[in-house]
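**Q** Here is my input; please provide its structure:
(one chain, ligands or ions: 1)
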Amino acid sequence: MAVLGPLLRARSSTTISSMASTIRAFSSCSTPNFGNDLKPPSLLAQKPLPLRHDPQDRTVQWVFLGCPGVGKGTYASRLCNLLSVPHIATGDLVREELSSSGPLASQLAEIVNQGKLVSDEIIINLLSKRLEAGEAKGEIGFILDGFPRTIRQAEILEGVMNIDLVINLKLREDALLVKCLGRRICSECGGNYNIASIDIKGENGSPGIYMAPLLPPPHCASKLITRSDDTEEVVKERLRVYKEMTQPVEEFYRSRGKLLEFDLPGGIPESWPKLLQALNLEHYDKKSAAA
Ligand SMILES: Nc1ncnc2c1ncn2[C@@H]1O[C@H](COP(=O)(O)OP(=O)(O)O)[C@@H](O)[C@H]1O
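**A** Numbers count the residues shown, from 1 in each chain. Take a look at the predicted model:
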């Protein structure tokens with residue numbers, strides 16, 4: 001599907017700055033009202049900039065949706081490398097805050113380790129800080145991973161920023177659980193691996209799926225850790241919370257014509273080329289491989 005061309009837009013970094021401060025302002029309203037009267041004039045006046053033709057000048061403002069364990073982080077970070085935009089994962093922002101000795105750490109640990117969602121206010125505050133820090137470094141564009149996760153977050157984002165495309169990654173639920181339980185992270189370099197070997201046979205007309213383990217290189221092998229929320233009980237709760245709170249966000253974007261549904265056909269070797277094809281990005285990959 002040739003979705004990318006018209007969806008790529010050149011953006012100015014001031015948009016990100018507006019977003020950071022404005023989502024804070026919006027999220028502090030106890031009753032969200034996203035009517036035009038609440039929008040600051042600068043955002044009302046904001047129009048997409050004309051599409052520039054040098055690929056270096058183009059950027060993306062994309063969102064990745066998908067259940068826990070589906071591989072949002074893996075595919076979002078690969079696309080970010082390819083398109084040279086920052087990968088902003090709210091789960092990573094939460095984990096950074098958790099590992100700091102900041103005032104929120106113990107409150108967040110309790111929420112995350114129960115598989116619940118952090119409040120919209122806290123998550124928007126973390127995201128705003130991240131966007132502001134990125135802007136100070138001259139970042140333009142982004143792929144958001146793990147945000148928005150509630151309708152309220154989606155409405156806040158919609159009120160301040162034009163999201164070009166939302167990629168909804170999908171995988172059968174039995175594979176999701178196994179993938180979460182097999183997830184390992186290198187405590188030194190932060191690399192993500194998976195020791196699970198998934199080989200589910202197709203039945204009753206539904207296709208099977210094979211996903212080879214993604215094993216760490218020897219220098220990471222002795223430093224692997226498991227996320228504290230990747231236990232069977234917590235993963236099941238996260239899947240339940242996803243259905244209740246985040247699935248409606250899929251419909252939010254579907255009804256706005258922004259949702260690209262992508263059923264993962266297998267592991268990275270099978271899925272990555274197909275995802276690039278769905279995004280009309282194969283030529284980017286070939287160019288970066290040649291470089
Ligand atoms: N947008 C968000 N809204 C609320 N809580 C969030 C959000 N993003 C991350 N979190 C919290 O951080 C945890 C880890 O997020 P993430 O790494 O994205 O996990 P998952 O594998 O469940 O997709 C979530 O279970 C939730 O508690």
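
**Q** near the ligand, which residues of this structure?
**A** By Cβ under 6 Å from any ligand atom, the residues of the chain that approach the ligand are 68-69, 90-91, 94, 111-112, 116-118, 123, 146-147, 149, 153, 229, 238. For the C-beta atoms, the positions are set from N, CA and C on the backbone; glycine is no exception.

**Q** okay, now the residue in the stretch 51-200 of the chain that the ligand sits nearest to: neighbour count?
**A** Nearest residue of the stretch 51-200 of the chain to the ligand (Cβ to the nearest ligand atom) works out as G91 at 2.0 Å. By the criterion of other Cβ atoms under 10 Å, G91 has 19 neighbours.

**Q** Next: the one 3 residues further on.
**A** For V94, the count of nearby residues is 22 (other Cβ under 10 Å).

**Q** Mind checking what secondary structure it has?
**A** helix (DSSP: H, G, I helix; E, B strand; the rest coil).

**Q** Wait, a helix at the residue of the stretch 51-200 of the chain closest to the ligand?
**A** Yes - counting by three-state DSSP, G91 is part of a helix.

**Q** Can you read off the backbone torsions of the closest residue to it other than its chain neighbours?
**A** Ranked by Cβ to Cβ, 6 or more residues apart in numbering and with sequence neighbours excluded, the top spatial neighbour of G91 is G146, at 4.7 Å. Backbone geometry at G146, expressed as degrees, to the nearest 10, gives phi 90, psi 10.

**Q** ditto for P148
**A** Here P148 shows phi and psi, under degrees, to the nearest 10, equal to phi -80, psi 150.

**Q** Contact partners for it?
**A** Residues counted as contacts of P148 (Cβ atoms under 8 Å, 6 or more residues apart in numbering) are 63, 154, 156-157, 249.

**Q** Spatially, what comes nearest to it if we skip its sequence neighbours?
**A** Using Cβ to Cβ, 6+ apart, the nearest residue to P148 is A154, at 4.1 Å.

**Q** Thought R254 was touching the one you found, still the case?
**A** No - A154 is beyond contact range of R254, at 11.6 Å (criterion: Cβ atoms under 8 Å).

**Q** which one of the two has more residues nearby?
**A** Legend: neighbour count by other Cβ under 10 Å for A154 and R254, higher for A154 (24 against 14).

**Q** Quickly find the element holding the more buried one.
**A** Element membership of A154 [criterion: DSSP states H and E] is helix 151-160.

**Q** and that helix, what does it pack onto?
**A** Helix 151-160 sits against helix 13-27, helix 120-136, helix 247-254, with contacts defined as 3 or more Cβ pairs under 8 Å, 6 or more residues apart in numbering; DSSP states H and E.

**Q** and those, which one's lowest on average pLDDT?
**A** Among the helices and strands packed on helix 151-160, helix 13-27 carries the lowest mean pLDDT, a mean of 52.

**Q** returning to that earlier point: give me the distance between the residue nearest to G91 and S101.
**A** 23 Å (Cβ to Cβ, to the nearest Å).

**Q** Neighbour count: those two, which is higher?
**A** The neighbour count for G146 versus S101, taken as other Cβ under 10 Å, is higher for G146 (23 against 6).

**Q** and the closest residue to the ligand within the stretch 151-291 of the chain, what does it touch?
**A** Among the residues of the stretch 151-291 of the chain, R238 lies closest to the ligand, at 4.6 Å counting by Cβ to the nearest ligand atom. Contacts for R238 (Cβ under 8 Å, 6+ apart) come out as 68, 115, 180, 229.

**Q** Can you read off the pLDDT for it?
**A** As predicted, R238 sits at a pLDDT of 98.

**Q** measure N192 to D230 for me?
**A** Going from N192 to D230 by Cβ to Cβ gives 12 Å.

**Q** Kindly check the end-to-end length of stretch 249-268 for me.
**A** Distance between the two ends of stretch 249-268: 26 Å, counting by Cα to Cα, to the nearest Å.

**Q** Okay, buried residues for it please.
**A** Using 16 or more other Cβ atoms under 10 Å as the test for burial, stretch 249-268 gives 249-250, 252-253, 258-260, 262, 264, 266-268.

**Q** Give me the nearest residue to V118, chain neighbours excluded.
**A** V118's closest residue in space is I111 (Cβ to Cβ, 6+ apart), at 5.4 Å.
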